[in-house]
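Enquirer: Just to be clear, the model below is a prediction. Sequence and coordinates:
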Protein chains: 2
Amino acid sequence: MRYNNLDKTAVFRRLTEAANAYRGFDFRRKLDAARVAACSVPIADTLVYNWAAKKVDDDIVALLRELAGEQELTAKYRALLDGEVMNTGEKRKVLHQLLRGQLGKDVVSDGKNIGEFYKKELERFSAFAEDVRGGKVKGASGKKFSYAAQIGIGGSDLGPRALYIALENWALKEGVRPNIKAKFISNVDPDDAAAVLSSVPLDETLFILVSKSGTTQETLTNELFVKDKLKKAGLDASRHFVAVTSETSPLAHNGAYLDSFYIDDFIGGRYSSSSGVGGVVLSLAFGPAVFKEFLSGAHEADRNALEPDVRKNAAMLDALIGVWERSFLGLPYTAVLPYSQALSRFPAHLQQLDMESNGKRVNRSGEPVSCPAGPVVFGEPGTNGQHSFYQLLHQGTDIVPLQFIGFNDSQLDDDVVVEGSTSMTKLKANLAAQIVAFAKGQDDANPNKQFPGGRPSSLIYGKRLTPKALGALLAHFENKVMFQGFIWNLNSFDQEGVQLGKILTKKVLSGNSGDDALDAYSKLLGI
Amino acid sequence: MRYNNLDKTAVFRRLTEAANAYRGFDFRRKLDAARVAACSVPIADTLVYNWAAKKVDDDIVALLRELAGEQELTAKYRALLDGEVMNTGEKRKVLHQLLRGQLGKDVVSDGKNIGEFYKKELERFSAFAEDVRGGKVKGASGKKFSYAAQIGIGGSDLGPRALYIALENWALKEGVRPNIKAKFISNVDPDDAAAVLSSVPLDETLFILVSKSGTTQETLTNELFVKDKLKKAGLDASRHFVAVTSETSPLAHNGAYLDSFYIDDFIGGRYSSSSGVGGVVLSLAFGPAVFKEFLSGAHEADRNALEPDVRKNAAMLDALIGVWERSFLGLPYTAVLPYSQALSRFPAHLQQLDMESNGKRVNRSGEPVSCPAGPVVFGEPGTNGQHSFYQLLHQGTDIVPLQFIGFNDSQLDDDVVVEGSTSMTKLKANLAAQIVAFAKGQDDANPNKQFPGGRPSSLIYGKRLTPKALGALLAHFENKVMFQGFIWNLNSFDQEGVQLGKILTKKVLSGNSGDDALDAYSKLLGI
């Protein structure tokens, strides 16, 4: 397989030239009903990607197709599925797709079939969740668990939390019972754990300790914070804790926990929502069948990402267009704008997924990347954002590419008709209106009321945000980020950039930082 | 007064030259204890701004001081305080500082003393809040109110919500009673209102309807959503609703509400947290005395922002350094990183404050601005962000300026000692470590483990996040954004960029959009 930096590809120069010629792309003339209809690509049964309002026409798609070919995107994805070591820095396979179903060869490591291992763990925590939900496993005081509180940070927090929030209303509507509520403790700020603990009945709360290495400072500190409270309440902590970790961690096979569920080094933190990291809490909250629906939606999207024709491969096309915007049009950010309050924390998850994966300045071989790579990602739900930062998006000095997400139906199906339309219709009308407003703009004699337009966006849409659609949505972005890593020739699966802060923190805590500026900052903060 | 675009100032060329020379600024040599000690500037009694880790030395500060003089920042701020029309597009005064105390002349409009009007409203809603908290005002079923649910969007939501979350733990610790919990309904997505309503006892909930114009689509729709539910529960809605609006709005002097509290056109939405928009809900939740403490902290910061020496004026210096980074070093974003879980939604408020104020491409006279203006603002609390997007911040291809916030003490003072240090000490050690890691970086033979450093940050710090410190923090950023608007010669107080979307939405809802692409998008979304 070839591993070339983007600017070493044969098509690079032509894409650069096209970008220079393309600044005047005319949405007012080109964005019409025919184009909208022609630019839909299925992500899965439940979800569609539409790129009509992207600054891309057939010529650009043809060049991007060449780029996909030159960078061997499909072959690299297949190699990843087949268990090749794609996390080059840490010399690890990358197998989060295998959590959702097998698309490549059997992956064997140290004589162990990894797919079987993942399946076994899924079944183990599914059974455990049923036991808790059915009241077979109870708290130390004999009460049923009514709360599941996850203790984890980064990938052990953002994805699972975003997914839980995304399905909370759906489960209410579907009458999923029992109603076990999830809470999340992440920050080492003691106010985080203290506030969560003040909001739950301790004797009805099951804590899920999540750390792959079993050494995460914040998580272990919060574990002891919670155990201290359980002890003071006279509750046996070992009956209120389960662990999700790797088999080689200090948390594994440890009598301090009711049970432990395992992942391995082939599941990166930000890609771990499909494992026990997301699965235990979601199965406890909504039941294992719901979590399996979620996995099946993700698996569908993974399968569609194998499609060799980029025009039919939503994740690949989204990735290519993103690189076009970042490395050729020179736009350093992307806003994710879900028109769904249920997805309120989904942008925070994507922020980690994207920025931690592709926020790199050296390629997979440790040489400098020679183009701008991963963008800054941010976002809030619409319509809220319209009354906040959209001013800059519409009329700022710079152009921010946009990713909209929307659904036909609400989750709770509880609505009101005001002035002839439901809230849901208003929500969708706003979404459609924004796409066109950003693309086409509007002239006005008053320059302050003029909208330049030419601001590109894509739309991911589906009928309703169900567990299956949510799985497809998550996998779509995982696969997009993976393809972009291949295009930029990055290792999207390590995160060395988090290490230096950890080292310096330990130095401060040891009382010997070796840096007088660091000591001075510590002093300002009262350490 | 002179109103020149930034690039028309005499100092512009010298700043541009300095920026070109400055790319090699050497933090490893320059950032030491003496510099950290020398770069602290008080914002208020409770809060300090430190710029030691910014790419700025005495020469640059001298040029920025010239810029402040040329753009007449202090004079413009004084003119604003004295009631000059600074919102040029809408021909309005800008008087949010007056909500916190008077620093200029008496402001009179249509024969009315505006300062007196603001004071009267503050006292009116303070008395109302006491009546509710004391049980004198009860719900329709005779029960005391235990929840206050704010219905508003944008400035009527983000600031008040961020401030409420910021003080929730503090109030718990201080034993503030009664404990009236606040909820917020913002999105027109019906799942937002439905989910909030399913989480409160309707007969114990007081709704605060907030819309300056009284015509905000989302807010009026949600009002009717809620009233429908109250009616179905047999509760008289007029006994469960108060309004915060302008005196000319349809919501004013209206028997449909228990009472109405007023603001006027001189308070912009994103600057309205210090008015009844934030004051009613915060006074209900924590008592009027707490809200007045908050105002006094903000007033202190407003007063300090009058300091003519930029080296002693935190808001002005922060603003100047931000323009230096945006318009001279060419950095298009800023990350806000509070090491305080209580500030979890503060970045979302700043996102509106900054991006809606300065995300403009024409100046206050309607001519194009000739430099990049307002940056993209995003952020999440630390240490959470360290396990998420910090990878890109440390090792991405681009440099993102950072604004850290931290405190000496936690809010709840409930902590645990693990491996010799408290959680709070760990939190602060992480913060100090990050500043130095970003600035100084670290060499490594392995390029993937190398940290280039040179990534600038500032630190706002204080003893504890109290109401007073929170007021100072909010006002600091409001004043920073105001000064930046003066430097860029923008009108930071209008938001014409939100209009086009509203117009197109109405067209969709009327069934006659006049644009076939818009119809096609509507169809995809099932309208």
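Expert: Alright, I've got the coordinates.
Enquirer: now the farthest one out in chain A, which residue is it?
Expert: Most distant residue from the mean C-alpha position of chain A: residue A:445, 42.9 Å away (C-alpha atoms, centre = their mean).
Enquirer: Can you tell me how far that residue is from chain B?
Expert: Using C-beta to the nearest C-beta, to the nearest Å, residue A:445 is found at 10 Å from chain B. No exception for glycine: its C-beta is placed from N, CA and C like everyone else's.
Enquirer: Looking at the stretch 151-300 of chain A, which residue is nearest chain B?
Expert: For the stretch 151-300 of chain A and chain B, the shortest gap (C-beta to the nearest C-beta) falls at residue A:154, measuring 2.6 Å.
Enquirer: Contact partners for that residue?
Expert: A:269-270, A:352, B:384, B:386-388 (C-beta atoms under 8 Å, 6 or more residues apart in numbering or on different chains).
Enquirer: 10 Å instead?
Expert: A:186, A:210-211, A:216, A:218-219, A:269-270, A:272, A:352, A:356, A:495, A:498, B:383-390 (C-beta atoms under 10 Å, 6 or more residues apart in numbering or on different chains).
Enquirer: Repeat that for residue A:313.
Expert: A:41-43, A:49, A:68, A:73-74, A:77, A:304-307, A:319-320, A:479, A:483.
Enquirer: May I see the PyMOL selection of the buried members of the residues you listed?
Expert: This is the PyMOL syntax for the buried subset of the contacts of residue A:313, where burial follows 16 or more other C-beta atoms under 10 Å in any protein chain shown:
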select buried, chain A and resi 41+42+43+49+68+73+74+77+304+305+306+307+319+320+479+483
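Enquirer: and the contacts of residue A:313 near chain B, which?
Expert: When C-beta under 10 Å from any C-beta of the partner chain is taken as the criterion, no member of those contacts chain B.
Enquirer: Among the contacts of residue A:313, which one sits closest to chain B?
Expert: residue A:49 (11.2 Å).
Enquirer: Is it correct that the closest one falls within a strand?
Expert: Yes: counting by DSSP: H, G, I helix; E, B strand; the rest coil, residue A:49 is found in a strand.
Enquirer: can I assume it is in contact with residue A:457?
Expert: No: assessed by C-beta atoms under 10 Å, residue A:49 is found out of contact with residue A:457, at 11.9 Å.
Enquirer: Give me the common contacts of those two.
Expert: Common neighbours of residue A:49 and residue A:457, using C-beta under 10 Å, 6+ apart, are residue A:403.
Enquirer: what sits against the nearest residue to residue A:361 once chain neighbours are set aside?
Expert: Distances taken as C-beta to C-beta, 6 or more residues apart in numbering or on different chains place residue B:397 nearest to residue A:361, at 5.0 Å, with adjacent residues excluded. Counting by C-beta under 10 Å, 6+ apart, residue B:397 touches A:326-327, A:332, A:358-362, A:368-375, A:488.
Enquirer: does residue A:220 belong to a helix or a strand, and which?
Expert: If you go by DSSP states H and E, residue A:220 is part of helix A:217-232.
Enquirer: Check which residues of that helix are buried.
Expert: For helix A:217-232, by 16+ other C-beta under 10 Å, it's A:217-230.
Enquirer: what about the following helix or strand past that helix and chain B, touching?
Expert: Of the helices and strands lying after helix A:217-232 in sequence (DSSP H and E), the nearest is strand A:241-246. No: judged by C-beta under 10 Å from any C-beta, strand A:241-246 and chain B are separated, with a smallest distance of 15.6 Å.
Enquirer: close to chain B, is the next helix or strand after strand A:241-246?
Expert: Remark: after strand A:241-246, the chain's next helix or strand is strand A:259-263, criterion DSSP H and E. No: looking at strand A:259-263 against chain B by C-beta under 10 Å from any C-beta, there are no contacts, and the closest approach is 16.3 Å.
Enquirer: Strand A:259-263 to strand A:241-246, inter-axis angle?
Expert: 20 degrees (axes from the mean of the first three to the mean of the last three C-alpha atoms, to 10 degrees).
Enquirer: pLDDT averaged over the helix or strand following strand A:259-263, what's the number?
Expert: The element immediately downstream of strand A:259-263 (helix or strand, assigned by DSSP H and E) is helix A:276-286. Averaged across helix A:276-286, the pLDDT comes to 98.
Enquirer: Could you export helix A:276-286 as CSV, CA atoms only?
Expert: The C-alpha trace of helix A:276-286 is given here as CSV (Å, rounded to 0.1, in the frame of the first residue of the first chain):
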residue,chain,number,x,y,z
GLY,A,276,-18.6,-1.8,27.0
VAL,A,277,-17.5,1.8,27.5
GLY,A,278,-20.8,2.9,26.0
GLY,A,279,-22.5,-0.4,26.1
VAL,A,280,-22.7,-1.0,29.9
VAL,A,281,-24.3,2.3,30.8
LEU,A,282,-26.6,2.3,27.7
SER,A,283,-27.7,-1.3,28.3
LEU,A,284,-28.4,-0.6,32.0
ALA,A,285,-30.4,2.5,31.1
PHE,A,286,-32.3,1.3,28.1
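Enquirer: Does anything pack onto the helix or strand just after it? Which helices or strands?
Expert: Using DSSP H and E, the helix or strand that follows helix A:276-286 in sequence is helix A:288-304. Helix A:288-304 is packed against strand A:40-44, strand A:47-50, helix A:114-133, helix A:158-174, helix A:276-286, helix A:314-323, helix A:467-488, with contacts defined by 3 or more C-beta pairs under 10 Å, 6 or more residues apart in numbering or on different chains; DSSP states H and E.
Enquirer: which ones among the contacts of residue A:154 are found in strands?
Expert: residue A:210 (DSSP state E).
Enquirer: Go through the helix or strand bottoming out on mean pLDDT in chain A and flag the buried ones.
Expert: Every helix and strand of chain A was ranked by mean pLDDT, DSSP states H and E. The lowest is helix A:27-30, at a mean of 92. Residues A:27, A:30 are the ones in helix A:27-30 that count as buried (16+ other C-beta under 10 Å).
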